[in-house]
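In: Predicted coordinates and the sequence they were generated for:
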Amino acid sequence: MGNTPYILMVAAVLAFGAIMPQKGPKRIRYIILMTVLHTCLCGFRYMFITGDLHKYYYTFLNSGNYGWFSAELWAEGRNFGFYYFNKIVHLLSGGDFQVLLFVIAAIVHISLGYVVYRYSSRPWFSYLIWNCMGFFIFGFSAIKQALAMAFVMLSFVGIAEKRLGFYLTMMALAGSIHMPALVFLPAYWL
């Protein structure tokens, strides 16, 4: 199968971008379609498509065994948001790792769709950049970083609308999921 899903996604971005409205209120249809396509491809992929997912799989399975205030979930304050997120999804899904993959894909691509809808003058081009810069593929293996990236993208709303509280909340969520996301913290003032 190789690169076929990725190539088909880029083809869909371009083809639907050419035939669907890109301006005005009807552009929401294109953005919704791209959000659904990206979420489904990323969320319903085979759960062991990359080596990193094996590590995340065992983290997810074990999260159901840990207490809410355990040292394993708190992880000395580093990435604790990701471990608590795993525990919540584990409890709600009955331990189904595929549900975790889908939920993370949905959060990432709904966040992207929201930012594209609010701030992009050419949605097709935004999705093309998303795919060609490797962010879409990144979400296949680095799910912790992809989830943090969703909150970093949403923090852009705080910058654009000069809402410091919202910005700091999104950055705190991103940092609790993947601490290196805090490197973007100065962006509000820059």
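Out: Perfect, thanks for sending it. Numbering: from 1, shown residues only.

In: C-alpha only now, for contacts and for neighbours.
Out: Fine.

In: helices or strands up against the helix or strand of the chain with the lowest mean pLDDT?
Out: Using mean pLDDT, DSSP states H and E, helix 135-141 stands out as the lowest-scoring helix or strand of the chain, at a mean of 72. Using 3 or more Cα pairs under 8 Å, 6 or more residues apart in numbering; DSSP states H and E, the elements in contact with helix 135-141 are helix 27-43, helix 143-160.

In: rerun that using 10 Å as the cut-off
Out: Applying 3 or more Cα pairs under 10 Å, 6 or more residues apart in numbering; DSSP states H and E, we find helix 135-141 packed against helix 4-19, helix 27-43, helix 52-63, helix 97-119, helix 123-132, helix 143-160.

In: which parts of that helix are buried?
Out: Neighbour-count burial for helix 135-141 flags 136, 139-141 (criterion: 16 or more other Cα atoms under 10 Å).

In: Same check on stretch 109-122?
Out: Buried residues in stretch 109-122 (16+ other Cα under 10 Å): 109-117, 120.

In: Averaged pLDDT, it. What do you get?
Out: Mean per-residue pLDDT for stretch 109-122: 96.

In: And it, how far out from the chain middle?
Out: In terms of Cα atoms, centre = their mean, to the nearest Å, the gap separating the centre of stretch 109-122 from the centre of its chain is 13 Å.

In: ok, and what's touching the least confident helix or strand of the chain?
Out: Residues outside helix 135-141 that contact it (Cα atoms under 10 Å, 6 or more residues apart in numbering): 6, 9, 38-39, 41-43, 45-54, 56, 101, 104-105, 108-109, 127-131, 142, 145-147, 149.

In: For PyMOL, what selects the buried ones among those residues?
Out: Here is the PyMOL command that selects the buried residues among the contacts of helix 135-141 (16+ other Cα under 10 Å):
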select buried, resi 6+9+38+39+41+42+43+47+53+56+101+104+105+108+109+127+128+131+142+145+146+147+149
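
In: okay, and for the protein, where does confidence drop off?
Out: Flagging of the chain using pLDDT under 70 yields the residue ranges 1-2, 47-52.

In: show me what contacts the most centrally placed residue in it?
Out: Among the residues of the chain, the smallest C-alpha distance to the mean C-alpha position (Cα atoms, centre = their mean) belongs to residue 108, namely 2.3 Å. By Cα under 10 Å, 6+ apart, the residues touching residue 108 are 35, 38-39, 42, 102, 136, 139, 143, 146-151, 153-154.
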